[in-house]
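Enquirer: next comes the sequence, and after it the predicted model I'd like to discuss.
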Amino acid sequence: MRGFGARSWHASAPWTAAAAAGLFALLPLGASAQQAGASQQAASQAAGAAAQKGRVATVKVHGRSLEGNLEGDSPDRDVSIYLPPGYDSDTSRRYPVVYVLHGYGLTNNYWVGGPGFASIDVPAAMDRDIASGKSRPMILVFPNGDSKYNGSMYSSSITSGDWESFVADDLVAYMDSHYRTIADRKSRGLAGHSMSGYGTIRIGMKRPDAFSSLYILSACCLINNPAGFAQRQGANQ
């Protein structure tokens, strides 16, 4: 976990906007300090944001890292992007970014209140928390990691594609070149639950050059001794 220290942790509670706010609290402001200005200016911006809402844009992001995967999944991935209140009006401001991965059998729609199993509306929750001052404005990025077999584990595989590089390289590069991000690892976070909790640990530990903060919710597949676990389960039956 070198390079993360207290910036990564595990939580079992469901994702809420407060979770994003907690992750953001770990992200150093970096270049945003220059953008935010004095505290009075920040307070004024927060007051103005109270009457505003963010918006969600859905785009296609090409992943060179996913080209030629043996499953035949498209390397062009749907990505939902939450842009906070004030993003369109204050064109001089840059924002930290949290990349939020979804679990097995789900898509990016899970996070943005779209169709699908038990979807939740994180953008609406973020609007409320920004308006109340519980969270500072940030960009949230929700890539579609679905595959032919319902999930890639966000690993690097010739079968499903190199999802580690897609998230840490292709997706980050796209966001930094198309949106007003703070293009610095200190202002990037990575979050996920279940399968994507595992992916968050995997990518975060291998790519501290890309992400400084992790938020891990009920990560799967972290058993050190699967055979021993199966034996204990059998003994308890």
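Expert: Received the coordinates, thanks. Residues are numbered from 1 along each chain as shown.
Enquirer: just checking: what are the partner strands of the helix or strand containing Arg77?
Expert: Using DSSP states H and E, Arg77 maps to strand 76-83. Counting by DSSP bridges, the strands paired with strand 76-83 are strand 55-62 (antiparallel), strand 139-143 (antiparallel).
Enquirer: for the first one, the averaged confidence score.
Expert: It refers to strand 55-62. The pLDDT scores in strand 55-62 average 97.
Enquirer: again, but for stretch 200-208
Expert: In this model, stretch 200-208 has an average pLDDT of 96.
Enquirer: so Val122 is in contact with Val100, correct?
Expert: Yes: the pair Val122 and Val100 passes the contact test of CB atoms under 8 Å, sitting 7.4 Å apart. For every residue, glycine as well, the C-beta is placed using N, CA and C.
Enquirer: okay, the two: which has more neighbours?
Expert: Comparing Val122 with Val100 by other CB atoms under 10 Å, the one with more neighbours is Val100, at 28 against 23.
Enquirer: surely that one touches Val112?
Expert: No: using CB under 8 Å, Val100 is not in contact with Val112, being 9.9 Å away.
Enquirer: okay, and the common contacts of the two?
Expert: Here Val100 and Val112 share the contacting residues Val122, Phe142, scored by CB atoms under 8 Å, 6 or more residues apart in numbering.
Enquirer: circling back to that earlier point, need the strands paired with strand 76-83 in a markdown table (columns: mean neighbour count).
Expert: Below are the strands paired with strand 76-83 laid out as a markdown table (neighbours: other CB atoms under 10 Å):
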| stretch | mean neighbour count |
| --- | --- |
| strand 55-62 | 15 |
| strand 139-143 | 25 |
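Enquirer: for those strands, which one sits closest to Gly189?
Expert: When the strands paired with strand 76-83 are compared by CB to CB, strand 139-143 sits nearest Gly189, at 9.6 Å.
Enquirer: ok, and what's touching the closest one?
Expert: With CB under 8 Å, 6+ apart, strand 139-143 has contacts from 20, 61, 77-84, 87, 95-102, 108, 110-112, 122-123, 126, 166-167, 171, 175, 179, 181.
Enquirer: strands - which of these land there?
Expert: Cross-referencing the contacts of strand 139-143 against strands under DSSP state E gives Val61, Arg77, Asp78, Val79, Ser80, Ile81, Tyr82, Leu83, Val97, Val98, Tyr99, Val100.
Enquirer: so who does the fifth one touch?
Expert: When the contact criterion is CB under 8 Å, 6+ apart, the partners of Ser80 are Val56, Ala57, Thr58, Asn108, Asn109, Trp111, Val112, Gly114, Val141, Phe142, Asn144.
Enquirer: pLDDT-wise, what's the bottom of those?
Expert: Within those, lowest confidence goes to Gly114 (79).
Enquirer: how would you label that residue: helix, strand or coil?
Expert: Assigned by DSSP: H, G, I helix; E, B strand; the rest coil, the conformation of Gly114 is coil.
Enquirer: from Ile182, how far out is it?
Expert: Applying CB to CB, to the nearest Å, the value for Gly114 to Ile182 is 27 Å.
Enquirer: the closest residue to Gly197 other than its chain neighbours: how many residues sit nearby?
Expert: In this structure, Gly197 finds its nearest non-sequential neighbour in Ala219, 3.0 Å apart by CB to CB, 6 or more residues apart in numbering. A count of neighbours around Ala219, defined by other CB under 10 Å, yields 21.
Enquirer: how near is Ala219 to Tyr104?
Expert: As for Ala219, its distance to Tyr104 is 12 Å (criterion: CB to CB).
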